[in-house]
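**Student:** Below are the sequence and a predicted model for it; my questions follow.
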Amino acid sequence: MKLPEMGSFLFHVARLVTAVIIGQTLYFKFSGSEESKFIFSVLGMEPWGRYGLAVLETFCVLFLLVPKFVWFGALLGFNLMLGAILSHFVFLGIVVQNDNGLLFFLALVVLSLSTYLLFVERKKIPYLYEYFD
C-alpha cells in the first residue's frame, strides 16, 4: 500500500472503530442495564443524564459515518470521552463493577482516535480552518 492509501485506510478504520465503540454502548444506555443505571446513579444523573448522553452519542456515531461531518463527530466524541474519563477519575474509579477497567480503557481509545480524526480533519473545522495550511 502506498502512503496516501495507508493514511486513508487508517482514517476509515479510526472512524469506524470509534463509531462502533460508542455505538455498542447505546444499547446499554437506552435499555437501562444495571451497570448503566449504577454509573449514572453515582453521577446523580439517572435517568435523564443517561438518556441525554445516549442521544448525544447517537448523533456522534451518525456524524462519524457521514464523511462531510466526521470532524463534528470526532469533536463530539472527544468531548464526551473527556467527560467520561473525568467521571472515572473523580467519581467512579477506573474499575466499575468488576469490569477490570474496560469502560475506562474504551474511553481512552475513543479519546485517542477522536484526537487523530480531529487532526486529520482540522482543515474542515469551521472558524479554525483558516489557521491551518
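**Tutor:** Thanks, I have it.

**Student:** From one end of stretch 29-47 to the other, what's the distance?
**Tutor:** Length of stretch 29-47, first residue to last, Cα to Cα, to the nearest Å: 9 Å.

**Student:** just the helices in this structure please.
**Tutor:** Secondary structure of the chain (DSSP state H): helices at 3-31, 34-42, 48-65, 70-87, 102-120.

**Student:** Mind checking those helices for the one nearest to Ile94?
**Tutor:** Of all these, helix 102-120 sits nearest to Ile94, with 4.9 Å by Cβ to Cβ. All C-beta atoms are positioned from the backbone trio N, CA, C, and that covers glycine.

**Student:** Give me whichever of the helices of the chain is most buried.
**Tutor:** helix 70-87 (a mean of 20; mean count of other Cβ atoms under 10 Å).

**Student:** Run a quick check on Phe28 versus Glu35, I expect a contact.
**Tutor:** Yes: using Cβ atoms under 8 Å, Phe28 makes contact with Glu35 at a distance of 6.6 Å.

**Student:** quick revisit: looking at the helices of the chain, which has the lowest confidence?
**Tutor:** Among the helices of the chain, helix 3-31 has the lowest mean pLDDT, at a mean of 91.

**Student:** Give me the most central residue, the chain.
**Tutor:** Central residue of the chain (Cα atoms, centre = their mean): Gly77, 3.4 Å from the mean position.

**Student:** List the residues that contact that residue.
**Tutor:** 18, 22, 60, 64, 110-111, 113-114, 117 (Cβ atoms under 8 Å, 6 or more residues apart in numbering).

**Student:** Let me have the helices of the chain in a markdown table, extended by distance to Phe132.
**Tutor:** What follows is the helices of the chain, written out as a markdown table (distance: least, Cβ to Cβ, whole Å):
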| stretch | distance to Phe132 |
| --- | --- |
| helix 3-31 | 16 |
| helix 34-42 | 37 |
| helix 48-65 | 20 |
| helix 70-87 | 12 |
| helix 102-120 | 10 |
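
**Student:** between the ones you listed, which gets nearest to Gly93?
**Tutor:** helix 102-120 (8.6 Å).

**Student:** quick one, that closest one and helix 34-42 angle?
**Tutor:** Here helix 102-120 points in a direction 80 degrees away from that of helix 34-42 (axes from the mean of the first three to the mean of the last three Cα atoms, to 10 degrees).
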